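Participant: starting from these lines, generate the structure:
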Amino acid sequence: MALSPDIILETDRCKLRQIKKEDIPFIFSATRYQGFNDGLLWDAPESEDELIEGYYERVIKTWNEGKSYAFTICLKEENKQLGTISIRKNSEEVWTTGFWLHPQSQGKGYMTESVKVILKFGFEVLDTEKIQAYHAVWNEKSEKVLKNVGMKFIEYIPQGFMKNGKWVEQNKLGITKEEWNKLKNQKTTTKKSLLFGNNQNH
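Facilitator: Predicted structure coming up:
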């Protein structure tokens, strides 16, 4: 499914739009922080040009092919860039999401909002049956985000990916469309209860 490059996903505070070439300096600045790339599959680039050729061009190509959709996360009001999030096709029934926030924007709940809207996008627009995610075992922040949106542990992978000549251990988590719909319905019921109260006599 090839989607318009103009698509915008919104959370309470953020908007997610297709990654643009103008985002490259922002992305490059994040990679200058020591340890930033340790939990990512890709290594820190040596220049912005390297990011354009090896990253940006691939992002646009896979978007146009309907294989992967990569978004820049921005604040709605300030249009400030916060990080990126993507959802990639693994099979007809399974898509995988991956994300990162700039070190200056972490710890404020932006990524939890963004992953929630990516799940909605995946299940309602892409019509997938499962969405999964991987995180380095030591990356407790990513694990917390994934569990907060309803993902459950699936598998421990001792040889997840190679980084600096060593294997990085990973955990795989996931959520099905059925599980996501149940969570969504539970939240709707809770909101109605809080709004209208219950009908019990006292």
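Participant: in the chain, which spans are helices?
Facilitator: Using DSSP state H, the helices of the chain run over residues 24-31, 48-51, 57-64, 110-120, 140-148, 177-196.
Participant: quick check: which of those is buried the most?
Facilitator: helix 110-120 (a mean of 21; mean count of other Cβ atoms under 10 Å). In short, each C-beta sits where N, CA and C put it, glycine included.
Participant: who touches that helix?
Facilitator: With contact meaning Cβ atoms under 8 Å, 6 or more residues apart in numbering, helix 110-120 is reached by 9-14, 16, 71, 73, 82-83, 85, 87, 97, 99, 101, 131, 145-146, 148-150, 175, 180.
Participant: number of nearby residues for F99?
Facilitator: Applying other Cβ atoms under 10 Å, we find 23 residues neighbouring F99.
Participant: I'd say it and T84 touch.
Facilitator: Yes - at 6.7 Å, F99 and T84 qualify as touching, with contact defined as Cβ atoms under 8 Å.
Participant: give the bridge partners for Y69, please.
Facilitator: Going by DSSP bridges, Y69 is paired in beta bridges with I87.
Participant: report the contact partners of I52.
Facilitator: Going by Cβ under 8 Å, 6+ apart, the list of residues near I52 reads 21, 24.
Participant: how near is it to L101?
Facilitator: 21 Å (Cβ to Cβ, to the nearest Å).
Participant: also S68?
Facilitator: Counting by Cβ to Cβ, the gap from S68 to L101 is 19 Å.
Participant: picking up where we left off before, and the helices of the chain as a markdown table, adding distance to W167?
Facilitator: A markdown table is the format used below for the helices of the chain (distance: least, Cβ to Cβ, whole Å):
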| stretch | distance to W167 |
| --- | --- |
| helix 24-31 | 22 |
| helix 48-51 | 25 |
| helix 57-64 | 24 |
| helix 110-120 | 26 |
| helix 140-148 | 18 |
| helix 177-196 | 30 |
